[in-house]
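> Just to be clear, the model below is a prediction. Sequence and coordinates:
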Amino acid sequence: GQNIDQPTEMTATEGAIVQINCTYQTSGFNGLFWYQQHAGEAPTFLSYNVLDGLEEKGRFSSFLSRSKGYSYLLLKELQMKDSASYLCAVRDGDYKLSFGAGTTVTVRA
Amino acid sequence: IAGITQAPTSQILAAGRRMTLRCTQDMRHNAMYWYRQDLGLGLRLIHYSNTAGTTGKGEVPDGYSVSRANTDDFPLTLASAVPSQTSVYFCASSVTSDNEQFFGPGTRLTVL
């Protein structure tokens, strides 16, 4: 199985930058995903990393270090609409996803 | 509009009753999944199907069954509901098991 850890909550100011860390221990690794989930809604795909390094997509970037079992999601120029839960998910050798419990980000004016 | 739909949106069910949650996608995705989401535990995989006609067990399959008779539909059945199955259930699909998953709107189930 998988052991995926991420902080429970984070708070930041509008316009600022927030970094959400995710550490994992897996019995096989086939990529790491980040999803965004607004309260009462379905998760939506944000980013995917399978090789080490940084993937940038607009205001959002995701980083992976496979040797350290570590990833982070970087949210820049925070907006009020970025208030949501951010889910780290690891895909194992059987291509099944295991999710962390999620990090709730609150953006304050 | 292409996408993934779930029914019902919410349901209150007496313990011991049988219940089927429906999931349909029109994106011609090969892989489909059922998750439950509980506060503090995150999403947990119940069952999955990599292609029509095949299914597999996830992390928490006990008390649930699935079928995949065709590409579009992936129903989840609770044969005899118990209160611990109170949760929000999400269906998801992906082009193949190697691609990102798209999630349906969820079904909120309460078992009393």
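Looks like it arrived, so ask away. As the structure is a prediction and not an experimental result, all values here were calculated from the model.

> low pLDDT regions in the chain?
Since no chain was named, I'll use chain A. Residues of chain A meeting the criterion pLDDT under 70: A:1.

> Let me rephrase: I mean chain B.
Short version for chain B, where the test is pLDDT under 70: B:1-2.

> Which strand residues bridge the spatially most central residue of it?
Nearest to the centroid of the C-alpha atoms of chain B, with distances taken as CA atoms, centre = their mean, sits residue B:34, at 3.1 Å. According to DSSP bridges, residue B:47, residue B:91 are recorded as the beta-bridge partners of residue B:34.

> which residues sit in contact with it?
Applying CB atoms under 8 Å, 6 or more residues apart in numbering or on different chains to residue B:34 gives the contacts B:21, B:23, B:45-48, B:58, B:64, B:66, B:74, B:76, B:89-92. C-beta here means a position set from N, CA and C on the backbone, and glycine is covered the same way.

> Likewise for residue B:101?
Taking CB under 8 Å, 6+ apart as the definition of contact, the neighbours of residue B:101 are A:45, A:97, B:31, B:33, B:92-94.

> From those, which land in strands?
Counting by DSSP state E, the part of the contacts of residue B:101 found in strands is A:45, A:97, B:31, B:33, B:92-94.

> Redo those as JSON lines? Include neighbour count.
Output for those, formatted as JSON lines (neighbours: other CB atoms under 10 Å in any protein chain shown):
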{"residue": "A:45", "neighbour count": "16"}
{"residue": "A:97", "neighbour count": "27"}
{"residue": "B:31", "neighbour count": "21"}
{"residue": "B:33", "neighbour count": "26"}
{"residue": "B:92", "neighbour count": "25"}
{"residue": "B:93", "neighbour count": "26"}
{"residue": "B:94", "neighbour count": "22"}
